[in-house]
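Enquirer: With the sequence up front, the predicted model follows.
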Amino acid sequence: MGAYRSVEAPAFKGLDPSNGLVDELKHYWREDSRCLLISAFPDEYSVNDRMRADFERIFRETGLSLECMDLCDRRNGRESVSKLSHYDMVILGGGHVPTEKAFFDEIELRDALHGVNDLEGNTQNGDSSDGHSWDGIIMGISAGSMNCADLVYAQPEMPGEAVDPSYQKFIRGLGLTDVNVLPHYQAVKNDWVDRMRLMEDITYPDSVGRTFYAIVDGSFVLQTEGRKEIRGEAYRISDGRIEKVCERGGVLKLSSHK
């Protein structure tokens, strides 16, 4: 939808099509989709209302037909998740990873997505007594993409987080993928947090024995039942080292298991 921290207007209307995102969405899109936008800041009601309106406009500009773009924040969190089976698409908004994760836990989103009985006592698809996982498109944006992982790397970003011994860098996420995404790489790669370099002093050491994928705005991870791949410019951070693994317009295929 544009570049993080950039004051320049994007060269496109709607969603960025440069790495195939729009084509992929249209391939899986259901006509007149019902969409639910889940906010990362559940108490920022006026901000959330504007964000919902922006998403509806952007999706319509992209040519994606909508029946509705509903909003989930603390005003209706558990009620919205109890009706998850009514929606064709869920958008996980961007923001602060631990704040968003706490809200997801509060509304029991992980259980709902994986088919645990919803708050009304029904399974999410309503067709089995033992529960089925929710069937639709999930789009994670920024923090939302990070919280999709089973074990989330909550990269410190706020003052005090990097030096707080109680801050949890690794937290339980939604369990939708094993890919750990670090978004906005072009904007944050030279950031400092608590007098430490975000990447060299914090993230690289945290990558020992792990793998993170740093992606620039416009790049994304695509995962379906049969595919798992990175689209666009991306960098692999693992065991304290970084390497560029995909170019703009390129495709990097990842292992097909979850």
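Expert: Received it, and whenever you're ready, just let me know what you need.
Enquirer: where exactly do the helices run in the stretch 1-150 of the chain?
Expert: Along the stretch 1-150 of the chain, the stretches classed as helices by DSSP state H, counting those that start in this stretch are 21-28, 45-62, 77-82, 97-106, 109-113, 143-146.
Enquirer: who's the residue nearest to Ser145 when sequence neighbours are not counted bridged to?
Expert: With CB to CB, 6 or more residues apart in numbering as the measure, Val181 is the residue that lies nearest to Ser145, at 4.7 Å, once sequence neighbours are left out. The way it works is simple: take the backbone N, C-alpha and C, and place the C-beta from them, glycine included. Beta-bridge pairing for Val181 (DSSP bridges): Tyr213.
Enquirer: Which residues are in contact with Val181?
Expert: Neighbouring residues of Val181 by CB atoms under 8 Å, 6 or more residues apart in numbering: 140, 145-146, 148-149, 212-213, 215, 221.
Enquirer: farthest pair in the residues you listed?
Expert: Pairwise distances across those (CB to CB) peak at 15.1 Å, for the pair Gly140 and Phe212.
Enquirer: So between these two, which is more surrounded?
Expert: Gly140 (26 against 22; other CB atoms under 10 Å).
Enquirer: how much space between that one and Glu243?
Expert: 24 Å (CB to CB, to the nearest Å).
Enquirer: Equivalent analysis for Tyr45, please.
Expert: In terms of CB to CB, Tyr45 sits 43 Å off from Glu243.
Enquirer: hmm, back to that, out of the helices of the stretch 1-150 of the chain, indicate the one that is most buried.
Expert: Most buried of those, by mean neighbour count (mean count of other CB atoms under 10 Å): helix 143-146, with a mean of 26.
Enquirer: how about low-confidence regions in the stretch 51-200 of the chain?
Expert: For the stretch 51-200 of the chain, applying pLDDT under 70 flags the ranges 116-132.
Enquirer: Do I have it right that Val47 meets Asp54?
Expert: No. Between Val47 and Asp54 there is no contact under CB atoms under 8 Å: 10.4 Å.
Enquirer: got the contact list for Leu151?
Expert: Contacts for Leu151 (CB under 8 Å, 6+ apart) come out as 170-173, 178, 180.
Enquirer: would you list these in a markdown table and tack on distance to Ala9 and secondary structure?
Expert: As requested, those are exported to a markdown table (distance: CB to CB, whole Å; DSSP: H, G, I helix; E, B strand; the rest coil):
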| residue | distance to Ala9 | secondary structure |
| --- | --- | --- |
| Phe170 | 37 | strand |
| Ile171 | 35 | strand |
| Arg172 | 38 | strand |
| Gly173 | 33 | coil |
| Asp178 | 36 | coil |
| Asn180 | 31 | coil |
